[in-house]
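In: I'd like to go over a predicted model; first the sequence, then the structure.
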Amino acid sequence: MNAPRAEADKPPAQPIERLVWLDAARLGAMGLVALQHIITICDREPPQVLLGLDPGQIGVAIFFAISGLLAAQGKQGHAVRWLSKRLSRIYLPYWIAVTGVLSANYIVQYKPAPLSLVIAELAGVVGWTHRGDIVGIYFWFVSLLLFCYLLAAIVKLDRRVLPLLVVASIAWLWWDQGFASNTLAFLTGLSLGQLGKRPSPLLTLGVTITAAVLTFAVHPGFACVTIAGFAILSTAIPFSLPEQTETIIAKLSELSYHFYLVHVPFYLAADKLFPNALLPVFLLGTTGAVIGAGALYVMEAYLRKGLASLYPSRRIVESI
């Protein structure tokens, strides 16, 4: 009879701390990726901003670094439960977005889409299986993110494999620089995250500088590790913002993935109306993408409610 009382006396779970500057960095990363796509769609040559990287490459490296840092948080040994939550976050909005893109492609016949490609796109592995033929080329990001989360789940089972994954990713640079360098950015965040959500600034700075040297001395793929270090250094910013501002930034950061999933079609549509005109494409495309991201967020929320009503015992809504 005392067990229910003991349960009732348990202190409430503490909310997970949010770091506003990480949220701001993720928003900035999305802005850099969007800028890259606008420049490319408008048939311009993207500039090399830092260590030979263009804005989009910098933004993607920041995304992966932050994802790795956050993936390191939580208890060790709960790998399956942790991974299922991450897959839910990735797949539900992705399925909605990719279904829309595939449907639009079927109508306009923009690219050939055999059944194998459609299956790979829905599975989220198209970046590995059909890299040169993806309908919605930017969906490669999802394929690599899923892979990185799988690596994080393995590390949650046994941290001793983390150095081996880092070494393997470094060797991978000579075969597939794009995927390997962003995997290294993720593993940088995952490694530093083992020290907590606010890793040592001095250690992080040391990793950042070392990677910059290795970029010139060994392989340019280490540039993404330098970018990862800069992103993680944002956790050391000593001051905060007004609570309402932080809440807005956190919500916008939460929507950045939804924005990513929908933004390219809107910029392409804007470019059809105003060919190669940077400002109109930016204004019209961004407005459409913001509306599209909001719509995707709402559709995902309704989908989760529907799944929760079908499978209430699985508490799908709480998996976010």
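Out: That came through fine.
In: shaky segments in the stretch 51-200 of the chain?
Out: The model of the stretch 51-200 of the chain has pLDDT under 70 over residues 75-77.
In: now with 50?
Out: Scanning the stretch 51-200 of the chain for pLDDT under 50 picks out nothing.
In: so which residues of it form helices?
Out: Counting by DSSP state H, counting those that start in this stretch, the stretch 51-200 of the chain has helices at residues 55-71, 79-108, 115-123, 126-129, 140-157, 162-172, 177-193.
In: before we move on, what about the stretch 201-320 of the chain?
Out: Under DSSP H, counting those that start in this stretch, the stretch 201-320 of the chain gives helices at 201-217, 223-233, 243-254, 256-273, 278-310.
In: which residues does the third one contact?
Out: Contacts of helix 243-254 from elsewhere in the structure, counted by C-beta atoms under 8 Å, 6 or more residues apart in numbering, are 18, 20, 22-24, 26-27, 240-241. Placement of C-beta: from N, CA and C, glycine included.
In: go again using 6 Å as the cut-off
Out: 18, 20, 23-24, 26-27 (C-beta atoms under 6 Å, 6 or more residues apart in numbering).
In: TSV for those, including neighbour count and pLDDT?
Out: TSV is the format used below for these (neighbours: other C-beta atoms under 10 Å; pLDDT from 0 to 100):
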residue	neighbour count	pLDDT
R18	14	59
V20	20	87
D23	22	92
A24	19	93
R26	26	94
L27	17	95
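In: and stretch 222-237, C-alpha only, in PDB?
Out: Output in PDB follows, covering the C-alpha atoms of stretch 222-237 (Å, rounded to 0.1, in the frame of the first residue of the first chain):
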ATOM      1  CA  PHE A 222      38.900  18.800 -41.000                       C
ATOM      2  CA  ALA A 223      37.400  22.300 -41.700                       C
ATOM      3  CA  CYS A 224      34.000  21.000 -40.600                       C
ATOM      4  CA  VAL A 225      35.500  20.100 -37.200                       C
ATOM      5  CA  THR A 226      36.700  23.600 -36.900                       C
ATOM      6  CA  ILE A 227      33.200  24.900 -37.600                       C
ATOM      7  CA  ALA A 228      31.900  22.400 -35.100                       C
ATOM      8  CA  GLY A 229      34.200  23.800 -32.500                       C
ATOM      9  CA  PHE A 230      33.100  27.400 -33.200                       C
ATOM     10  CA  ALA A 231      29.400  26.300 -32.900                       C
ATOM     11  CA  ILE A 232      30.000  24.500 -29.600                       C
ATOM     12  CA  LEU A 233      31.900  27.500 -28.200                       C
ATOM     13  CA  SER A 234      28.600  29.300 -28.200                       C
ATOM     14  CA  THR A 235      27.700  27.300 -25.000                       C
ATOM     15  CA  ALA A 236      30.400  29.400 -23.200                       C
ATOM     16  CA  ILE A 237      28.700  32.800 -24.000                       C
END
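In: now for the contacts of helix 243-254: which two are most distant?
Out: By the measure C-beta to C-beta, R18 and L27 form the most distant pair in the contacts of helix 243-254, at 13.1 Å.
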